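**Q** This is a predicted model, with the sequence first.
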Amino acid sequence: MKIAVVKEQAAGEKRVAATPETVKKFKALGADVAVEAGAGLTASIADADYAAAGAAVGTRAATLAGADIVLGIQGPAPDSLGGVKPGAWIVAGLNPFGERARVDAYAAAGHEALAMEFMPRITRAQSMDILSSQSNLSGYKAVLDAAAEYGKAFPMMMTAAGTVSAAKAFIMGVGVAGLQAIATARRLGAQVSATDVRAATKEQIESLGAKAIFVEKVAGIEGEGTGGYATEMSDEYKAAQAELVSAHIAKQDIVITTALIPGRPAPRLITDAQIATMKPGSVIVDLAVEQGGNVEGAVAGEVVERHGVKIVGHRNVPSRLATDASALFSRNLFNFLSAFWDKEKNAPVLDEEIGNAIRLTQGGKVVNERLLG
Ligand code: NAD
């Protein structure tokens, strides 16, 4: 059983899908591990550290030659996978809806592509969940990015020269990223409020010491769908939410939006007219910018200014914390493969529940029902 770890090729991707720690653990399971030279450099991991952990460090061709499993952060280009075994597993964040042509190419090449972001949200798969591990870091980094763009301090400071008032931060969308954003903004000393469509988040917001801003008295406000994800809301709800947000947002210094609905474009939460009511110098960070954006005018990969308000739209926020993001992503991959490791076969064997959820291609065909529907 040979596991290959390739250097990421996507522009701006600094993470790597294995660390010396996970290399050692895979070796202890009985696998051979090969790492492409330079794969860890952007996450501050030297080739020598992989070698010391027992990996064979070499060229991409040598790394992939005879590989049974290829690990990546993002899906490797199908035409860059020469030398892997027929039917080899490609295990990564494969962006199945956004990169459908690549999924088809994996099928055509006979690879078995496993999309880590399709991991079901069940208790036993929590330690394998890349969306959670990466979103948590994004929520933290979003607050730091906002603080860096903001021309004032977050905490209240009473000094001999006078008092600096605390920043008011509003977090929209309280999933994994939003919860971490609340906690981080609180630690920096901001006055924090937050909103979500799922009623269950109200208690979570309050338990972190923030103020919950919720639409009340509108029919069908329970926005929770399957797997704890949000659902699309009624028009009546959307109107009530827009009104509530309009009144609140004008008083905020920092707004962080994280709202996503699986398989759909991100919901629009802030309009240009609402931005115009905010104080000049305020900062909005749109963590959903790559999924269509929660904020009108946000541009992926840029910091833009509208009505004196900065709108931050960094791409691939977890990669901005590449070392920790790599460590957690790598553990997710190890936790996944080791949970299914068959000692006799010296290979992982998936069960139906998780296998059917994450397997995109098999036997030359696309097999995942979310892609066939
Ligand atoms: P997500 O990234 O899909 O969405 C972020 C947040 O945006 C969600 O809280 C969602 O309700 C919210 N949202 C969507 N539309 C909105 C709108 N119009 N206005 C305001 N907010 C809106 O969510 P996530 O971080 O993946 O977390 C979703 C849930 O899944 C959470 O309850 C989380 O605890 C749970 N979860 C469970 C597991 C597990 O059991 N293994 C793992 C991870 C997350």
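**A** Everything's here; your move.

**Q** Can you name the residue of the stretch 151-300 of the chain nearest the ligand?
**A** Taking Cβ to the nearest ligand atom as the measure, the stretch 151-300 of the chain has residue 175 as its residue closest to the ligand, at 2.2 Å. Just so you know, the C-beta spots here come from the backbone N, C-alpha and C atoms, and that holds for glycine as well.

**Q** OK, contacts around that residue?
**A** Contact analysis of residue 175 by Cβ atoms under 8 Å, 6 or more residues apart in numbering lists 135, 196, 258, 260.

**Q** Identify the residue nearest the second one in space, chain neighbours excluded?
**A** Translated: residue 196. Sequence neighbours aside, residue 174 is the residue nearest to residue 196 in space, at 4.2 Å (criterion: Cβ to Cβ, 6 or more residues apart in numbering).

**Q** I'd say that neighbour and residue 193 touch.
**A** No: contact criterion Cβ atoms under 8 Å: residue 174 and residue 193 do not qualify, at 10.7 Å.

**Q** residue contacts, residue 5?
**A** Residues near residue 5 by Cβ under 8 Å, 6+ apart: 16-18, 23, 33-36, 39, 55, 63, 70-72.

**Q** swap the cut-off to 6 Å and go again
**A** By Cβ atoms under 6 Å, 6 or more residues apart in numbering, residue 5 lies in contact with 17-18, 35, 39, 71.

**Q** Just these: which are in strands?
**A** Within the contacts of residue 5, residues falling in strands by DSSP state E are 35, 71.

**Q** Columns neighbour count on top of the contacts of residue 5, output as TSV?
**A** Shown next, in TSV, are these (neighbours: other Cβ atoms under 10 Å):
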residue	neighbour count
17	31
18	30
35	29
39	27
71	28
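
**Q** Can you point out the buried residues in the worst-scoring helix or strand of the chain on mean pLDDT?
**A** Least confident helix or strand of the chain, by mean pLDDT, DSSP states H and E, is helix 235-249 with a mean of 86. Going by neighbour count (16 or more other Cβ atoms under 10 Å), the buried part of helix 235-249 is 237-238, 240-242, 245, 248-249.

**Q** go on, stretch 48-59?
**A** Under the neighbour-count criterion of 16+ other Cβ under 10 Å, stretch 48-59 has 49-51, 53, 55, 57-58 buried.

**Q** and what of stretch 355-373?
**A** Neighbour count says stretch 355-373 has 355, 357-362, 366-368, 371 buried, by 16+ other Cβ under 10 Å.

**Q** Which of those fall within strands?
**A** Mapping the buried residues of stretch 355-373 onto strands (DSSP E) picks out 361-362, 366.

**Q** Tell me how far the nearest residue to residue 372 once chain neighbours are set aside lies from residue 120.
**A** Ranked by Cβ to Cβ, 6+ apart and with sequence neighbours excluded, the top spatial neighbour of residue 372 is residue 366, at 6.6 Å. From residue 366 across to residue 120, the span is 19 Å (Cβ to Cβ, to the nearest Å).

**Q** cool, residue 343 as well?
**A** Look at residue 343 and residue 120: by Cβ to Cβ, they are 25 Å apart.

**Q** quick one: which of those two has more around it?
**A** Comparing residue 343 with residue 120 by other Cβ atoms under 10 Å, the one with more neighbours is residue 120, at 14 against 8.

**Q** Identify the residues contacting the more buried one.
**A** Shown in contact with residue 120 (Cβ under 6 Å, 6+ apart): residue 357.

**Q** 7 Å instead?
**A** Contact analysis of residue 120 by Cβ atoms under 7 Å, 6 or more residues apart in numbering lists 353-354, 357.

**Q** Where helices are concerned, which of those count?
**A** Counting by DSSP state H, the contacts of residue 120 place 353-354, 357 in helices.

**Q** check contacts around residue 38.
**A** Residue 38 makes contact with 7, 47, according to Cβ under 7 Å, 6+ apart.

**Q** ok, it to the ligand distance?
**A** 32 Å (Cβ to the nearest ligand atom, to the nearest Å).

**Q** Now stretch 174-190: average pLDDT?
**A** For stretch 174-190, the mean pLDDT works out to 98.

**Q** which parts of the protein sit against the ligand?
**A** Counting by Cβ under 6 Å from any ligand atom, the chain comes close to the ligand at 121, 125-126, 129, 131-132, 135, 172-178, 195-198, 228-230, 233, 258-262, 267, 269.

**Q** go with 5 Å
**A** Contacts of the chain with the ligand, taken as Cβ under 5 Å from any ligand atom, map to 121, 126, 129, 132, 173, 175-176, 196-198, 228, 230, 258-260, 267.

**Q** Out of those residues, which comes closest to residue 101?
**A** Of all the residues of the chain next to the ligand, residue 101 sits closest to residue 260, with 22.9 Å by Cβ to Cβ.

**Q** Surely that closest one and residue 292 touch.
**A** No: using Cβ atoms under 7 Å, residue 260 makes no contact with residue 292, being 9.4 Å away.

**Q** So those two - more neighbours on which side?
**A** Shown here are residue 260 and residue 292; by other Cβ under 10 Å, residue 260 has more neighbours (22 against 15).

**Q** That one belongs to a helix?
**A** No: using DSSP: H, G, I helix; E, B strand; the rest coil, the assignment for residue 260 is coil, not a helix.

**Q** Check it and give its pLDDT.
**A** Per-residue pLDDT puts residue 260 at 89.

**Q** go on, residue 223?
**A** pLDDT at residue 223 comes out at 55.

**Q** cool, and residue 98?
**A** pLDDT recorded at residue 98 is 89.

**Q** Roughly how far does it sit from residue 328?
**A** The gap separating residue 98 from residue 328 is 22 Å, by Cβ to Cβ.
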